[in-house]
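**Student:** Fold the following.
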Amino acid sequence: MNDTAAADQEPRTDERKDRSDVGRNKEYSLQVKSDYITSGRPESLGPLPPSDGDEDPKRISGKERLSGKQRKNKGRNKKRPRDARQDSSEKICLSVIRGTECPYGEKDCRYSHDLAAYMKLRPPDIKELDDGLCPVFQSQGYCVYGAMCRFGNSHITKAGQNLRRNTSELSDGKPVNPLPDAVLNILPKDVQTQLRKHKYPFTCKRHFETSKDADNTGEQPESKEEPKSASSSYTPVELKTRKIIDFSNKIYVAPLTTVGNLPFRRVMKKFGADITCGEMAVATNLLEGKNSEWALLKRHPEEDVFGIQVAGAHPDQYTRVAEGAGAALMMKERKLKGALEGISRTVTCPITVKMRTGWDMEKPFAHKLVPKIQSWGIDGLAAVMIHGRSRLQRYQHLSNWDYISQVASSQSTEIPRIPIIGNGDIFSYTDYDDKIARDGVSSTAMIGRGALIKPWLPTELKERRHWDISASERLDILKDFVRFGLEHWGADQQGVNNTRRFLLEWLSFLYRYVPVGLLEVIPQQMNHRPPPHMIGRSDLETLFMSPNSHDWVKISEMLLGPVAEDFKFLPKHKASGYA
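**Tutor:** This is a model prediction of the structure:
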């Protein structure tokens, strides 16, 4: 599909027929103009494969009827299809691409050293994005994947030799830096090795290392750590004046599982987000040096104010992470206090606490916990962020901002108050105005699902407008995400697969946006259920509103080329959450 033509092409007239008495605006809470409601799947989308069935059943049938096992797994799709990994022998050794000597030798290396043979079987380049120009080469001047890059013809010779751009060349009139720092917060290899072997020189004892045995035996408990003098790439931070961040009037992108990745956060920065935060990382996995967990802490240089979210069960885990779960910790005040005190002693950056209203919607207790946190006087505690839902509640009820205000007002007036930042259901600038008007609530706009569905939301908030963004502008957003994804996950086949999967995960939220020009009542509310079948002002806009994953795959093919015949996608999260 040509995206320019699709953006300008009007929907077929026959799709506007037979709209009388459809009654959609009575049955569904989102008020859409009748001209854009249709009685079935839009013709421009084409038929679905037999195995795909109809549209998203949650949009059509209202509330789900779930069995006991389904209720237990509610919110996530289990056993999702995965991409088959490419065999190592089908890849070229990076030493061959770099022109250096392989440390394993050609005989023992698991990768191929026959570049000429690879070039004969090399798959054709992906041309759908930027006419086949490699995003990594364009931004950094050198692509480490060489002949394996799916956009390689822009930087390899016919023989497969990898090229490097000269520093004197210009891009858009500016000198090109061949290898800029693409990612920050990288864990040094020697530190990772120490963590994995339990030999990192921590100063904080573990929670199970008590003095009980020493009192009984007169001996000190055995410790697995090396002496404090053990060498490491990480050195203790120097004690200096702690800088406190003023969150007032800032737009803060909340930590978002799976979809809140680095490429997505770069998109959010382009639209005006002030503060970004990585996905939640589990303390135990960080302390074991796991690559997948430390990857969640990486940030791009564009993320000038960046936070990390760490979940743990014991104070020493937080302190140790600061040296080198989740809502349940609310119920264990002593551990929470120990964690905050340990982190405060260890780092010089501001720290925040993020919590929900409580464990159960019927028994919130954040209003009792926050005054206690206030009384502890934790140095460097910059804010408490409260998601206005309980741990068990999920998203079928609105965030309780009145309760967030109650929590803010529960603090003592005789000691310094902690700023209380609310979170939940900000989907427009009018939502923002309404929610922060409550007593005691910070003017920070902390956005989560709203950012997933409307990544241009920071612009709307700052410019105070309801943006009727066009389908072609939305396609440009996806192009940016794909470029950023290929830079981050790689431009080889594995990187393309990862970028496509994360793009599809994001599309499982993006389809819920209904353009301003289609609405009878503005703005759209996040919990308003739209009609099951809608058409847009162009075929591309219609495609963007489809709730079917088969159509999301079509969108990915517009940017990353065709998928394999057996390709399947099922989103990780069931993004229903309608009232």
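**Student:** hmm, who's touching the helix or strand where residue 504 lies?
**Tutor:** Residue 504 belongs to helix 493-510 when assigned by DSSP states H and E. With CB atoms under 8 Å, 6 or more residues apart in numbering as the test, helix 493-510 has contacts from 83, 85-86, 123, 126, 145, 148, 150, 258-259, 261, 263-264, 449, 452-453, 474, 478, 481-482, 485-486, 489-490, 544, 549, 552-553, 555-556, 559-560, 563, 569, 571-573, 575. Using the backbone N, CA and C atoms, a C-beta is placed for each residue, glycine as well.
**Student:** If you count contacts, what does the helix or strand following that helix end up packed against?
**Tutor:** Using DSSP H and E, the next helix or strand after helix 493-510 towards the C-terminus is helix 539-544. With contacts taken as 3 or more CB pairs under 8 Å, 6 or more residues apart in numbering; DSSP states H and E, helix 539-544 sits against helix 3-8, helix 471-489, helix 549-560.
**Student:** Same list, these, but as TSV with mean neighbour count and mean pLDDT please.
**Tutor:** Converted to TSV, these look like this (neighbours: other CB atoms under 10 Å; pLDDT from 0 to 100):
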stretch	mean neighbour count	mean pLDDT
helix 3-8	16	43
helix 471-489	21	98
helix 549-560	20	97
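**Student:** Any idea which of these gets closest to residue 198?
**Tutor:** Of all the helices and strands packed on helix 539-544, it is helix 471-489 that lies closest to residue 198, at 30.2 Å by CB to CB.
**Student:** Please convert the helices and strands packed on helix 539-544 to a markdown table, extending it with distance to residue 242.
**Tutor:** Listed next are the helices and strands packed on helix 539-544 as a markdown table, based on distance: least, CB to CB, whole Å:
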| stretch | distance to residue 242 |
| --- | --- |
| helix 3-8 | 49 |
| helix 471-489 | 31 |
| helix 549-560 | 44 |
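**Student:** Indicate which one of those is closest to residue 301.
**Tutor:** The nearest among those, by CB to CB, is helix 471-489 at 12.0 Å.
**Student:** between that closest one and helix 549-560, how big is the angle?
**Tutor:** If you take axes from the mean of the first three to the mean of the last three CA atoms, to 10 degrees, helix 471-489 sits at 70 degrees to helix 549-560.
**Student:** where do the strands sit along the stretch 1-150 of the chain?
**Tutor:** Here the stretch 1-150 of the chain has no strands by DSSP state E, counting those that start in this stretch.
**Student:** what stretches of it score poorly on pLDDT?
**Tutor:** Along the stretch 1-150 of the chain, the parts satisfying pLDDT under 70 run over 1-27, 51-76, 78-79.
**Student:** Could you state which residue of this protein sits nearest its centroid?
**Tutor:** residue 260 (0.9 Å; CA atoms, centre = their mean).
**Student:** Phi, psi for the closest residue to that one other than its chain neighbours please.
**Tutor:** Leaving out its chain neighbours, the residue that sits closest to residue 260 by CB to CB, 6 or more residues apart in numbering is residue 279, at 5.1 Å. Main-chain dihedrals, residue 279, degrees, to the nearest 10: phi -70, psi 160.
**Student:** burial count for residue 279?
**Tutor:** Close neighbours of residue 279, defined as other CB atoms under 10 Å, add up to 20.
**Student:** Likewise for the one 5 residues further on?
**Tutor:** Summarising burial for residue 284: neighbours were counted as other CB under 10 Å, giving 17.
**Student:** which ones are touching it?
**Tutor:** Going by CB under 8 Å, 6+ apart, residue 284 touches 312, 313, 317.
**Student:** what does residue 461 give?
**Tutor:** Contacts of residue 461 (CB under 8 Å, 6+ apart): 251, 272, 426, 429, 432, 445.
**Student:** Mind checking what secondary structure residue 352 has?
**Tutor:** Assigned with DSSP: H, G, I helix; E, B strand; the rest coil, residue 352 falls in the strand class.
**Student:** any idea which element residue 392 lies in?
**Tutor:** With DSSP H and E as criterion, residue 392 is part of no helix or strand.
**Student:** Tell me which residues touch the nearest residue to it once chain neighbours are set aside, please.
**Tutor:** Spatial nearest neighbour of residue 392, chain neighbours left out: residue 360 (5.8 Å); criterion: CB to CB, 6+ apart. Contacts for residue 360 (CB under 8 Å, 6+ apart) come out as 390, 391, 392.
**Student:** who wins for neighbours among these?
**Tutor:** residue 390 (22 neighbours).
**Student:** On the three-state scheme, that one is what?
**Tutor:** Residue 390 - assigned by three-state DSSP - is coil.
**Student:** measure the nearest residue in space to it that is not next to it in sequence to residue 528 for me?
**Tutor:** Among residues not flanking residue 390 along the chain, residue 361 sits closest, at 4.2 Å (CB to CB, 6+ apart). Between residue 361 and residue 528 the distance is 21 Å, computed by CB to CB, to the nearest Å.
**Student:** out of the two, which sits in the busier spot?
**Tutor:** Higher neighbour count among residue 361 and residue 528: residue 528, with 19 against 16, using other CB under 10 Å.
**Student:** looking at it, that one is touching residue 398, isn't it?
**Tutor:** No: Residue 528 is beyond contact range of residue 398, at 11.0 Å (criterion: CB atoms under 8 Å).
**Student:** how about the helices in the stretch 101-250 of the chain?
**Tutor:** Here the stretch 101-250 of the chain has its helices, by DSSP state H, counting those that start in this stretch, at 105-108, 115-121, 135-140, 189-196, 212-217.
**Student:** can you check the stretch 301-450 of the chain too?
**Tutor:** 315-323, 333-346, 366-376, 401-409, 429-436, 449-453.
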